[in-house]
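[1] Sharing a model prediction with you, sequence too.
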There are 2 protein chains.
Amino acid sequence: MSNAPVVLLSHEMLSPMAGGLEAQGYRVARRWALEPEAAGNVRAIVHAGEIPLEPAFLASLPRLGLIACVSVGYDGVDVPWCRARGVEVTHARGLNADDVADHAMGLLIAGWRNIVAGDQLIREGRWTATGRVGARPGLKGRRLGVMGLGHIGAAVARRAEAFGMVVGWWGPRAKPEAPWPQAESLLALAQASDVLVIASRADAANRGAVSAQVIEAVGPRGMIVNVARGSILDEDALIAALKDKRLGRAALDVFWEEPTPAARWAEVPNLVMTPHSAAQTLDSLPLMVAQAHENLRLFFAGQPPLSPAP
Amino acid sequence: MSNAPVVLLSHEMLSPMAGGLEAQGYRVARRWALEPEAAGNVRAIVHAGEIPLEPAFLASLPRLGLIACVSVGYDGVDVPWCRARGVEVTHARGLNADDVADHAMGLLIAGWRNIVAGDQLIREGRWTATGRVGARPGLKGRRLGVMGLGHIGAAVARRAEAFGMVVGWWGPRAKPEAPWPQAESLLALAQASDVLVIASRADAANRGAVSAQVIEAVGPRGMIVNVARGSILDEDALIAALKDKRLGRAALDVFWEEPTPAARWAEVPNLVMTPHSAAQTLDSLPLMVAQAHENLRLFFAGQPPLSPAP
């Protein structure tokens, strides 16, 4: 065992992977219990891509050659910095678009049609003969704006069409094959949308792109759904707009800080939240883990990775 | 005004309709404040069809000729009894299928993907680095069983197909034009379904049809969604099955008793509830009210109704 390559789990949430890695013959180290001599032997990191991996920490691992993200996203990793130092970065490619799109539609309807609020109303004994929850507009004919028409965005658009929603989108690149019209800008998309769904890959260029101005363009009768990354959305501006009714409602699966503190949301109305669970299904998780395993195997066999980060 | 026909509102929840009826020239009486001499003049009742209208009460209204349900359902009214006594019954026809189907899919996803549970987990500060909500199966490839393939059932089926669900259905009549296979019985449908959605019109024949046996056939990994009427589902059996984990999860918009008491559900796990709000949208409510108005107008003009109860 002492000659087995050392693979480091970057975060406690990845603990359940230890057994599978050991079964493949790796020695497993844990960042939250990492001893200095073990650091010198780490060859690969198994990582959840949304968590920041600081360059200073990576620089302390002299034999590191691979960061295998179990996730689709890898925004916590500075890929150019890593590659310049000979460290490859891989991710889970296109596996969970259906699951994330399902969750996005669930958040959209749960928020739009007061499902979470209705559940709470009944449980608190506030359903009375005259006091149901207020009637809401239906979804049919409402305009859905998709920010980022990748696998996930397109999967959301296809589902929304089955509800009679009218789809538009915006992204930084033209997609001549897309069956839906591309807005001229994110702001133009927000102005033309009843519901804006954020489905972009997070990168430096779209940090805070859903700004106070974009949020206000969605407006008091509109809704924002984020299943991408917290960094894309100005969370402080969102909170202020919901409180002031300059934005109608929101549903968030992702946050600036995860886990997000409960106190931050205590006084924010018309909001549904889930704990970054859009991609967490029993169907997609094993496939994502298997892909990380395959990237590790190829790395230690000296072969090119299956799914390098683009 | 004293010669204007008297229209009776059957329930407080219909109070908001009084102004519109008075604007049409009717005198409005209220059942919850009905004086004996007014009862003698009631020509028509404006009614929410799910609420029982007892024959003894109807018999106390000698000039009654019409019960105009603002709702699609009219299960609280004994239609043959009424017609045998010369009282016509009308309802809102096929107006809200899209809204109810939207809500059914919202309940399905909110329950299946732990959206309500996830929201509560965050708000109670229970989201920790290692403790997200448990991963769930995705929807793609899961089998949806629709009980009652009317306007609403078909609209649910079309939406579910956009999520990659595999659709089957059962109803008491064959529908050769239906694009989905009909099960041999309700029990066979339940056995073959991951999610059973109840979308039937309630009548005497299907009272309690989703019985303890049908509920167990859906099983510990399955889910039941009810957007039809509480009477179709054995609610006591559902509660027992959820508590014993013989049924995986449920989402209910309708109940035996409405409003349903909060205490009844306090210890029932894996359940999402909404207060009979599936059809309550700003798009469908005005159309339903307008249809009731038109049925009243035709009745007082001595013409056949627009939408008699089938």
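    Here it is on my side, so go on.

[2] any residue of stretch A:180-199 up close to chain B?
    No. Figure legend: stretch A:180-199 not in contact with chain B (Cβ under 8 Å from any Cβ of the partner chain); closest approach 12.5 Å. C-betas here are computed from N, CA, C, even on glycine.

[3] repeat for stretch A:274-291
    Yes. Stretch A:274-291 lies within reach of chain B by Cβ under 8 Å from any Cβ, at A:274-277, A:280-285.

[4] and that stretch, which residues are buried?
    Neighbour-count burial for stretch A:274-291, with 16 or more other Cβ atoms under 10 Å in any protein chain shown as criterion, is recorded at A:274-281, A:283-285, A:288-289, A:291.

[5] Sort out for me which of these are in helices.
    When DSSP state H defines the helices, the subset of those inside them is A:284-285, A:288-289, A:291.

[6] Phi and psi next, for the closest residue to A:Asn295 other than its chain neighbours.
    Using Cβ to Cβ, 6 or more residues apart in numbering or on different chains and skipping residues adjacent in sequence, the residue nearest A:Asn295 is A:Thr90, 4.1 Å away. Here is the backbone geometry of A:Thr90 (degrees, to the nearest 10): phi -120, psi 160.

[7] Please list all residues in contact with A:Thr90.
    A:66-69, A:291-292, A:295, A:305-309 (Cβ atoms under 8 Å, 6 or more residues apart in numbering or on different chains).

[8] Secondary structure added to the residues you listed, as CSV?
    Formatted as CSV, the contacts of A:Thr90 follow (DSSP: H, G, I helix; E, B strand; the rest coil):
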residue, secondary structure
A:Leu66, strand
A:Ile67, strand
A:Ala68, strand
A:Cys69, strand
A:Gln291, helix
A:Ala292, helix
A:Asn295, helix
A:Pro305, coil
A:Leu306, coil
A:Ser307, coil
A:Pro308, strand
A:Ala309, coil
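
[9] Would you mind listing which of the residues you listed are buried?
    With burial judged by 16+ other Cβ under 10 Å, the buried subset of these is A:66-69, A:291-292, A:295, A:305-307, A:309.

[10] Closest one to B:Ile122 out of those residues, please.
    A:Cys69 (24.0 Å; Cβ to Cβ).

[11] quick revisit: just the residues of stretch A:274-291 next to chain B now: which is nearest A:Ala110?
    Nearest to A:Ala110 among those: A:Thr274, at 9.2 Å, using Cβ to Cβ.

[12] Setting aside sequence neighbours, what's the nearest residue to the closest one?
    B:Gly118 (3.6 Å).

[13] Contact residues of the stretch 1-150 of chain A facing chain B?
    A:11-13, A:15, A:98-99, A:102-103, A:105-107, A:109-110, A:112-116, A:118-119, A:121-125, A:127-130, A:132-133, A:135-140.

[14] Could you turn the buried ones of these into a ChimeraX selection?
    The ChimeraX selection below is limited to those of the residues of the stretch 1-150 of chain A next to chain B classed as buried (16+ other Cβ under 10 Å):
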select /A:11,13,98,99,102,103,105,106,107,109,110,112,113,114,115,116,118,119,121,122,123,127,132,133,135,136,137,138,139,140
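
[15] how about a markdown table for the buried residues of stretch A:274-291, with distance to A:Pro261 and pLDDT added?
    Listed next are the buried residues of stretch A:274-291 as a markdown table, based on distance: Cβ to Cβ, whole Å; pLDDT from 0 to 100:
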| residue | distance to A:Pro261 | pLDDT |
| --- | --- | --- |
| A:Thr274 | 16 | 97 |
| A:Pro275 | 12 | 94 |
| A:His276 | 14 | 93 |
| A:Ser277 | 18 | 92 |
| A:Ala278 | 20 | 93 |
| A:Ala279 | 22 | 85 |
| A:Gln280 | 21 | 77 |
| A:Thr281 | 26 | 83 |
| A:Asp283 | 31 | 81 |
| A:Ser284 | 28 | 80 |
| A:Leu285 | 26 | 81 |
| A:Met288 | 27 | 86 |
| A:Val289 | 29 | 90 |
| A:Gln291 | 32 | 90 |
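
[16] still on that earlier bit, can you pull the contacts of the residue nearest to A:Thr274?
    If you count contacts by Cβ under 8 Å, 6+ apart, B:Gly118 has them with A:273-275, A:277, B:133.

[17] Next: A:Val72.
    When contacts are counted by Cβ under 8 Å, 6+ apart, A:Val72 touches A:49, A:91-96, A:279, A:288.

[18] Confirm that the residue nearest to A:Thr274 sits in a helix.
    Yes. Looking at B:Gly118 with three-state DSSP, it is inside a helix.

[19] Quickly note the distance from it to A:Ala278.
    10 Å (Cβ to Cβ, to the nearest Å).

[20] Can you name the element that comes right after the helix or strand bottoming out on mean pLDDT in chain A?
    In chain A, no helix or strand scores lower on mean pLDDT, DSSP states H and E than helix A:36-39, which sits at a mean of 85. With elements assigned by DSSP states H and E, the helix or strand that comes after helix A:36-39 is strand A:42-47.

[21] got the buried residues for that following strand?
    The neighbour-count check on strand A:42-47 (16+ other Cβ under 10 Å) flags A:42-47 as buried.

[22] same question, stretch A:76-83
    A:76-79, A:82.

[23] how far away is the residue nearest the centre of chain A from chain B?
    Nearest to the mean C-alpha position of chain A, by Cα atoms, centre = their mean, lies A:Ala228 at 3.6 Å. The spacing between A:Ala228 and chain B, counted by Cβ to the nearest Cβ, to the nearest Å, is 17 Å.

[24] what residues are up against the closest residue to that residue other than its chain neighbours?
    Spatial nearest neighbour of A:Ala228, chain neighbours left out: A:Ile198 (4.6 Å); criterion: Cβ to Cβ, 6+ apart. Shown in contact with A:Ile198 (Cβ under 8 Å, 6+ apart): A:147-148, A:210, A:224-228, A:232-233.

[25] List the contacts of stretch A:162-169.
    A:139-149, A:153, A:157, A:160-161, A:178, A:180-183, A:189, A:192-193, A:195, B:98, B:102, B:105, B:158-159, B:161-162.

[26] Count the neighbours of the closest residue to A:Ala101 other than its chain neighbours for me.
    Distances taken as Cβ to Cβ, 6+ apart place A:Ala155 nearest to A:Ala101, at 3.4 Å, with adjacent residues excluded. Applying other Cβ atoms under 10 Å in any protein chain shown, we find 25 residues neighbouring A:Ala155.
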